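Chemist: Quick one: sequence and predicted model below, then my questions.
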Amino acid sequence: MKIDTSRRFCTCTDGAGSGPLAVMVTGMLAGALLFAAPARAAEDMYRQEGATIRLVALAPDGVGNVHGALSIELEPGWKTYWIAPGPVGLAPRLDFSGSTDLSDPSVDYPPPIRFAEGNDESVGYAEPTAFAISAKAAPGATPTLRLSAFLGICRELCVPVQVQLAAEPTDSLSDRALVRRAQATLPEDGGAPPPSLRWNHDRSALVMDADTTGSPLADVFVSAGDGWSFGRPTAVGNSGRALSLPVLARPAPGAELGPVNILLTRADSAQQFRAVTIPPR
C-alpha cells in the first residue's frame with residue numbers, strides 16, 4: 001500500500017535573498033533522487049547530514065497487529081515536514097508496498113509546529129520526531145515491514161531524501177520504547193461532534209467555530225489532500241468564537257474541497273477530527 005501525501009518540493013529558505021538558489025538546488029536534488037539515484041540495499045537505519053532515519057517493527061500481538069515507528073532524529077537547526085506542510089514544504093511520501101505478509105499499513109503523525117521559511121511559513125517538526133505505524137500480519141507468517149520513503153530534510157537548503165528501509169519484527173526493549181514514544185505523542189481522537197466548518201463569503205478561507213471549553217486553542221492545522229494549504233487561524237467577528245483559516249494554495253482555481261482532517265492543539269493536549277465535511281456554498 002502506498003501512502004502518497006504530496007508532490008510538492010520545498011524551498012526551505014531561512015534568510016532573504018536565498019529563495020531562488022534554494023528552489024534551484026532543491027529541484028536539482030529532487031530530480032537526481034527521483035530519477036537518477038542508485039537503489040540502496042534496504043536496512044533499518046539511514047544516516048545523512050542533519051538526520052538519522054530508522055524504521056522499527058514489533059512482533060505481532062495476539063491478534064496479529066504489528067506496531068512500529070519511523071524515527072527521524074533531527075540534528076539541531078534541521079527540520080522535516082508534516083502531511084500538510086504549507087505551500088513550500090515537502091510532505092512525506094511513504095510506500096509500504098514492498099512489505100511481506102503485512103496488510104493495511106497506516107501512519108499517524110504527532111502534532112506539528114509552524115516555522116518561517118523566508119517570506120513563507122511551513123508546517124512540520126524542528127526537533128526529533130517519530131511517526132507511528134500499524135499493520136496487520138498474515139496468520140502464522142513472519143512479516144517484514146519495508147518502506148520506501150521520500151522526505152524533506154532541510155536547513156538553509158533542502159536535502160530531499162529517498163531511502164529504502166526494512167525492519168524485521170522484534171521484541172527488543174529499546175524498539176518497544178521507541179514505538180511507545182511515537183504512540184504517546186499522537187493527538188487524541190476528537191470524536192463527535194467535529195468542529196463546524198464553512199466557507200467565508202468568497203471562498204478564500206474556511207471559518208471554524210472554536211470550542212471555548214478547556215484551555216485556549218494554540219493552533220489549528222488542516223489536512224485536505226495534495227495541492228491544498230491553509231494558513232494560521234485568526235479570530236473573526238465579535239463573539240471570539242469564530243476562527244478564519246485562510247487558503248494559501250489550492251490544486252486549481254475553483255477546485256472543490258472534500259472532507260478534511262482538523263488538528264486542534266492546546267498548551268496541554270491535541271485533538272484530531274477526521275473526514276470533517278464542509279457544506280457547499
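Modeler: Okay, I see it. Residues are numbered from 1 along each chain as shown.

Chemist: Can you name the next helix or strand after the lowest-mean-pLDDT helix or strand in the chain?
Modeler: Taking mean pLDDT, DSSP states H and E as the measure, the helices and strands of the chain show their lowest mean at helix 19-35, namely a mean of 37. Proceeding N to C from helix 19-35, the next assigned helix or strand is strand 45-48, under DSSP states H and E.

Chemist: tell me which residues of that next one are tucked away?
Modeler: Residues of strand 45-48 classed as buried by neighbour count (16 or more other C-beta atoms under 10 Å): Tyr46. The C-beta positions use only the backbone N, C-alpha and C, and glycine is treated the same way.

Chemist: got it, and stretch 188-200?
Modeler: For stretch 188-200, the buried set under the neighbour-count rule, 16+ other C-beta under 10 Å, comprises Gly190, Pro194, Pro195, Leu197, Trp199, Asn200.

Chemist: what's the distance between the first one and Thr234?
Modeler: If I follow you right, that is Gly190. With distances defined as C-beta to C-beta, to the nearest Å, the gap from Gly190 to Thr234 amounts to 22 Å.

Chemist: Tell me the one of the buried residues of stretch 188-200 nearest Thr265?
Modeler: Each of the buried residues of stretch 188-200 was scored against Thr265 by C-beta to C-beta, and Gly190 proved nearest at 11.7 Å.

Chemist: which residues does the nearest residue to Val260 once chain neighbours are set aside contact?
Modeler: In this structure, Val260 finds its nearest non-sequential neighbour in Ala224, 4.3 Å apart by C-beta to C-beta, 6 or more residues apart in numbering. When the contact criterion is C-beta atoms under 8 Å, 6 or more residues apart in numbering, the partners of Ala224 are Ala84, Phe230, Leu257, Gly258, Val260, Asn261.

Chemist: Buried ones among these?
Modeler: Among these, those classed as buried by neighbour count (16+ other C-beta under 10 Å) are Ala84, Phe230, Leu257, Val260, Asn261.

Chemist: where does this protein dip in pLDDT?
Modeler: Counting by pLDDT under 70, the chain shows low-confidence ranges at 1-42, 212, 239-240.

Chemist: Do a quick rundown of the helices in it.
Modeler: For the chain, the helices identified by DSSP state H occupy 19-35, 173-184, in order along the chain.

Chemist: Tell me the buried residues in the last one?
Modeler: In this case it means helix 173-184. So, applying 16+ other C-beta under 10 Å, buried residues of helix 173-184: Asp175, Leu178, Val179, Arg181, Ala182, Gln183.

Chemist: so can I have CSV of those residues showing distance to Asn65?
Modeler: Output for the buried residues of helix 173-184, formatted as CSV (distance: C-beta to C-beta, whole Å):
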residue, distance to Asn65
Asp175, 15
Leu178, 17
Val179, 12
Arg181, 18
Ala182, 15
Gln183, 12
